[in-house]
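Peer 1: The sequence and its predicted three-dimensional model are supplied below.
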Amino acid sequence: MRLTHLADYAVVMMTAAARRAPSARLSATELAEETGVPLPTAQKLMQKLSAYGLLVGQRGFGGGYALARPVGEISLADIVEAVEGPIAMTQCVGHEDGSSDCALDQHCRVKPHMGIVGNAVRGALGSVSLQELAR
């Protein structure tokens with residue numbers, strides 16, 4: 001399993017945000033400059049992270065984004081899922097309705113167990129807090 005560039009960038013940006021004061025307002029421009037993430041990508045990611053509830057935005061004078069929760073309450077799994085969606089190890093367990101486009105679906109004896117694997121991976125990522133990453 002490998003994180004996409006967007007998920008990787010989101011982790012880098014959230015880690016940079018976590019190093020600031022808890023109530024600090026963040027802008028995409030500042031985080032892009034600090035992290036090296038291209039500005040359009042930083043803007044896109046901040047919107048995704050906000051929509052997922054990891055950042056809160058405030059418009060107007062003194063506006064920007066802030067972390068929505070304390071850094072110890074945001075996990076690596078939260079950040080990855082905000083960008084990538086639910087963590088699933090295979091295509092067959094990635095569909096919420098249980099459907100699959102796999103040719104082996106009707107005969108597969110592994111599929112029922114892949115949810116266990118996905119939950120284990122999510123648990124491992126969930127055990128790493130943003131606070132730990134920011135150290």
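Peer 2: Happy to help now that I have it.

Peer 1: And the strands in the protein?
Peer 2: Secondary structure of the chain (DSSP state E): strands at 55-58, 64-67.

Peer 1: would TSV of the ones you listed with mean pLDDT, mean neighbour count and distance to His107 be doable?
Peer 2: (Glycine included, C-beta is placed from N, CA and C.) Listed next are those as TSV, based on pLDDT from 0 to 100; neighbours: other C-beta atoms under 10 Å; distance: least, C-beta to C-beta, whole Å:
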stretch	mean pLDDT	mean neighbour count	distance to His107
strand 55-58	89	16	44
strand 64-67	91	20	47
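
Peer 1: Just the C-alphas of the longest helix along the chain, formatted as PDB.
Peer 2: Assignment by DSSP state H gives helix 111-126 as the longest helix of the chain. Coordinates of the C-alpha atoms in helix 111-126 are reproduced here as PDB (Å, rounded to 0.1, in the frame of the first residue of the first chain):
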ATOM      1  CA  LYS A 111     -13.300 -11.300   0.000                       C
ATOM      2  CA  PRO A 112     -15.200 -11.900   3.300                       C
ATOM      3  CA  HIS A 113     -11.900 -11.600   5.200                       C
ATOM      4  CA  MET A 114     -10.500  -8.500   3.400                       C
ATOM      5  CA  GLY A 115     -12.600  -6.200   5.600                       C
ATOM      6  CA  ILE A 116     -10.600  -7.600   8.600                       C
ATOM      7  CA  VAL A 117      -7.400  -6.600   6.800                       C
ATOM      8  CA  GLY A 118      -8.700  -3.100   6.000                       C
ATOM      9  CA  ASN A 119      -9.800  -2.600   9.600                       C
ATOM     10  CA  ALA A 120      -6.400  -3.700  10.800                       C
ATOM     11  CA  VAL A 121      -4.700  -1.200   8.500                       C
ATOM     12  CA  ARG A 122      -7.100   1.500   9.500                       C
ATOM     13  CA  GLY A 123      -6.500   0.700  13.200                       C
ATOM     14  CA  ALA A 124      -2.700   1.000  12.700                       C
ATOM     15  CA  LEU A 125      -3.100   4.300  10.900                       C
ATOM     16  CA  GLY A 126      -5.600   5.400  13.500                       C
END
